[in-house]
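Student: 3D model of this:
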Amino acid sequence: MYTPSKDHIFIVARTLLMQVAIFIALIASMWGFQKLYALTDQTVFPECYQVSYSPEMTEEEKGVQLLDALVNRMRYELDSTYGWSANDIIFNKWVMDNRAYRQFGTYVATKMLLDNYSTVIAKLGSSDRENENLYKARLNQFAFAPQRWGIFFIPSAEQAYKKGLNSIKKYQTDLLNKKAVYNARTDDIYEAFNVILGETVFGYALGLLQNSQNLSFYELDNKIYEVQGVILVVRDYLNALYTLYPEIAAKGNAENFAQAMSLLDKICTYDPLYITSTVNSGELIVSYLLFARNRISDIRDSIRI
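Tutor: Got it, this is the predicted structure:
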């Protein structure tokens, strides 16, 4: 039987120690880089947008507050340290993929909820004319794909989105001057919850993580951060609806709301060092989404009781 010498044992042990040291150094470097990057650009979002509410508020003031909550994340992304990365040449979706895909999700959720606000909440009825500024924002300025570059007289995505935010601001000014409509009836609030829970928002987020165990780590990573972008918008909008309409809380929804917000917070603060199909996997995010959807569904159902 072969008996290794002390020199062989020493060489093997030294090699193993070097490999362990290199692995630890790599992990430490990744952790350090992530922490340094977080100093220049926020990567976790523990706090949602807070609206101002008082019982004496007019409906117009509620409309302004609700719309501010809806576009808060889009405004944040456009004004963030590295701007709109989804179509950037330098800080692009290959260099800064997490923030770029978060912006994709932010765009999708903002667009879907704005469509509902403009065509349902900001009208007196189904036959009423849509507000011109909101119409322009959602069908012209927010119609640009997030990856769109600008050329000559054609605006880039971020230029178009900023114009869209300006159009929304004009609507808000008109609303406060009673030159525009905000008409959030109980049925409209119920419909807003349906949009949040429907195929274009929650359904879209869940669809991104379908068969997540079969996705490569880099594809799964991107999809998780896109889901985060969706949920950041949902969290702000849901909190605004719940705060501006205390009759929702009066239906015995305090626990449902607290649980839903806690689950959404977990998604909005999700920023692990690495993601794979088995470690920090998509299934964890899917579980948060499903449980949150159940609690939000309970809140929605209570509105008509």
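
Student: Only C-alpha atoms from now on, for both contacts and neighbour counts.
Tutor: Will do.

Student: Tell me where the model's unsure across the stretch 151-300 of the chain.
Tutor: Per-residue confidence for the stretch 151-300 of the chain (pLDDT under 70) gives these ranges: 151-153, 273-280.

Student: Okay, helices next: where are they in it?
Tutor: For the stretch 151-300 of the chain, the helices defined by DSSP state H, counting those that start in this stretch occupy 157-176, 186-197, 202-208, 217-244, 246-249, 254-268, 282-303.

Student: how about the last one: buried residues?
Tutor: Meaning helix 282-303. Burial within helix 282-303, assessed by neighbour count using 16 or more other C-alpha atoms under 10 Å, is assigned to 282-283, 285-286, 288-289, 292-293, 295-297, 299-300, 302-303.

Student: and if you look at the second one?
Tutor: Within helix 186-197, the residues that qualify as buried by neighbour count (16+ other C-alpha under 10 Å) are Asp188, Ile189, Tyr190, Glu191, Ala192, Phe193, Asn194, Val195, Ile196, Leu197.

Student: what helices or strands is that helix leaning on?
Tutor: Counting contacts by 3 or more C-alpha pairs under 8 Å, 6 or more residues apart in numbering; DSSP states H and E, helix 186-197 packs against helix 97-116, helix 282-303.

Student: how about a cut-off of 7 Å?
Tutor: The contact analysis (3 or more C-alpha pairs under 7 Å, 6 or more residues apart in numbering; DSSP states H and E) places helix 186-197 against helix 282-303.

Student: Then the last one?
Tutor: Judged by 3+ C-alpha pairs under 7 Å, 6+ apart, the packing partners of helix 282-303 are helix 186-197, helix 254-268.

Student: ok and that helix relative to helix 186-197, angle-wise?
Tutor: Following axes from the mean of the first three to the mean of the last three C-alpha atoms, to 10 degrees, one obtains 170 degrees for the angle between helix 282-303 and helix 186-197.

Student: Give me the distance between helix 282-303 and the centre of its chain.
Tutor: Offset of helix 282-303 from its chain centre (C-alpha atoms, centre = their mean, to the nearest Å): 15 Å.

Student: got the contact list for it?
Tutor: Identification of contacts with helix 282-303 by C-alpha atoms under 7 Å, 6 or more residues apart in numbering yields 190, 193, 197, 206, 209, 212, 220, 224, 248, 251, 253, 256, 260, 263-264, 267.

Student: Need the max-distance pair from those residues.
Tutor: Leu220 and Lys251 (38.5 Å; C-alpha to C-alpha).

Student: how about stretch 197-207: buried residues?
Tutor: Going by neighbour count (16+ other C-alpha under 10 Å), the buried part of stretch 197-207 is Leu197, Thr200, Val201, Phe202, Tyr204, Ala205, Leu206, Gly207.

Student: which non-adjacent residue is nearest the third one?
Tutor: In this case it means Val201. In this structure, Val201 finds its nearest non-sequential neighbour in Ala109, 5.8 Å apart by C-alpha to C-alpha, 6 or more residues apart in numbering.

Student: Correct me if wrong: that neighbour contacts Val230.
Tutor: Yes - if you go by C-alpha atoms under 7 Å, Ala109 and Val230 touch, sitting 5.2 Å apart.

Student: per-domain residue ranges of the protein.
Tutor: Split into domains by automatic domain parsing, the chain comes to 1-40, 54-303.

Student: So which of these is nearest Pro46?
Tutor: Checking those against Pro46 by C-alpha to C-alpha gives domain 54-303 as the closest, at 5.7 Å.

Student: Endpoints of that closest one, how far apart?
Tutor: Counting by C-alpha to C-alpha, to the nearest Å, you get 21 Å between the two ends of domain 54-303.

Student: hmm, who's touching stretch 203-210?
Tutor: By C-alpha under 7 Å, 6+ apart, stretch 203-210 touches Leu197, Lys223, Val227, Val230, Gly282, Val286.

Student: if we can go back for a sec, distance of the residue nearest to Val201 from Asn98?
Tutor: From Ala109 across to Asn98, the span is 17 Å (C-alpha to C-alpha).
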